[in-house]
Structures are given as C-alpha cells and as structure tokens.
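Student: Any chance you could fold what I've pasted below:
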Amino acid sequence: MNVNDLDRRDFYRIDDLIHLIHTPIDPDHASGNPYDERYPIPREALLVSQLQTINNDNRDLLRLVGDSNRALGNYLRSIDEKIKLLAQYIASDDPELQQKVPVTLSEGGLSFYSGELLEIGTCLHLVIVLFPKINAIAAIGTVKTNEKLEEHPTLYRLGVEFTSLNEADRKQLVRHIRRLESQGIREQGQNSTNNN
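Tutor: Numbering: from 1, shown residues only. Next comes the predicted model:
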C-alpha cells in the first residue's frame, strides 16, 4: 500500500444522495481549473455556489460590521439569507438538478454506480450538487477503481479521487459531510433512546 492509499483512508466517508454529472476529459486537464468555461456546469447550481463563495469571502467583514453596529450586522445577515433562499429556489426549480444518485462521499473523492465502464486512470470533470442547500461543487478527478457488480452485471462501482478541487469547495464538502455525520449520530441516539 502506498502513501496515497494511506492518505485516502484518513478521510471520513459518508453515504449520500447527490446530483452528479461526470464527463471524461483529456488527462492533460487533470490538474486544471474545474470551473473553466469548457466544462458544462448548470448555471442555477453555479449561482448558489458563487453566492456561497462570496458569503465566505465576506464573513469576516460582516462580523466586523456586526461588532461595531449590531442592528446593521443583523440587517445584512437577513438580506444575505433572503438572497440565499432566492438562489436555492431558482436552483430547485430545475428538474434536472433534482435527479439524485447514491454515492459514498469523502473529502478526497467519491464512489458511485455507472452503467458505463470507465478505465482506471480515466480523468473526469465532476459537478456535484449537495442537498438540501443545493450547493454545487466542480472538481476534476481520476478513476482509481472500477468494480463490476455481480448482482447487476451492467453496473460498475467507480471510485474517483479528486485531483483538482478548490479550497472553498473542499471546505464546503467537509461542512456537508460533518453535518450529515452529526445528523446520523443524532438519529442513532434517538433510535437507541426510543428502543429502551
């Protein structure tokens, strides 16, 4: 087992339902910008993602404004929430974005089922839409595993490692995974309490 295999094992994995677009790309673009204009990214989902990036960039400034003028800080936060809700509504109106697939998701990559066999080493452009906030993440990854399913011979489970993921998207992905992890722990606690 090489160092990369050990590193991948350090990432927490979680099962989730997401909207996923995966497109094979030239290996020369494996470390390029996943938001490059050459890649098709649904603009509704991109809107939510761009607003989230702006929000993250201005978080410290909003905190400073709130510290010096609490009423103004609260007002700006409420406007920010309204804008987020409008963007999510626009994105949720796209029926194509509502098509979800089961995946196993981590900070380092994802695995998913595909009706198409992709060879190990194939480079993919990925658009990942996370629910319920409809946050879009664009990434570039490389197929690391491709297992044919015995129970469904026309399906393959593909394991993809991210090779290009910007820092804001990585943080968004980590927050999403932690939120789902916390939600799962709470549900387990409630179930064990209900069973006693």
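Student: What residues sit buried inside the lengthiest strand in the chain?
Tutor: Assignment by DSSP state E gives strand 135-148 as the longest strand of the chain. For strand 135-148, the neighbour count (16 or more other CB atoms under 10 Å) marks Asn135, Ala136, Ile137, Ala138, Ala139, Ile140, Gly141, Thr142, Val143, Lys144, Asn146 as buried. From N, CA and C alone the C-beta is placed, and that goes for glycine too.
Student: Pro95: which of those is nearest?
Tutor: Nearest to Pro95 among these: Ala136, at 15.9 Å, using CB to CB.
Student: Arg170: how many residues sit nearby?
Tutor: Using other CB atoms under 10 Å, the number of residues around Arg170 comes to 15.
Student: Spatially nearest residue to it, not counting backbone neighbours?
Tutor: Leaving aside its chain neighbours, Arg170 sits nearest to Glu107 (6.4 Å; criterion: CB to CB, 6 or more residues apart in numbering).
Student: Count the residues that sit near that neighbour.
Tutor: By other CB under 10 Å, 18 other residues sit near Glu107.
Student: ditto for the one 5 residues further on
Tutor: Neighbours of Phe112 under the rule other CB under 10 Å: 19.
Student: Can we start the residue count at 495 from this point?
Tutor: All right, first residue 495 from here; so that's Phe606.
Student: Leaving out sequence neighbours, find the closest residue to it.
Tutor: Val597 (4.4 Å).
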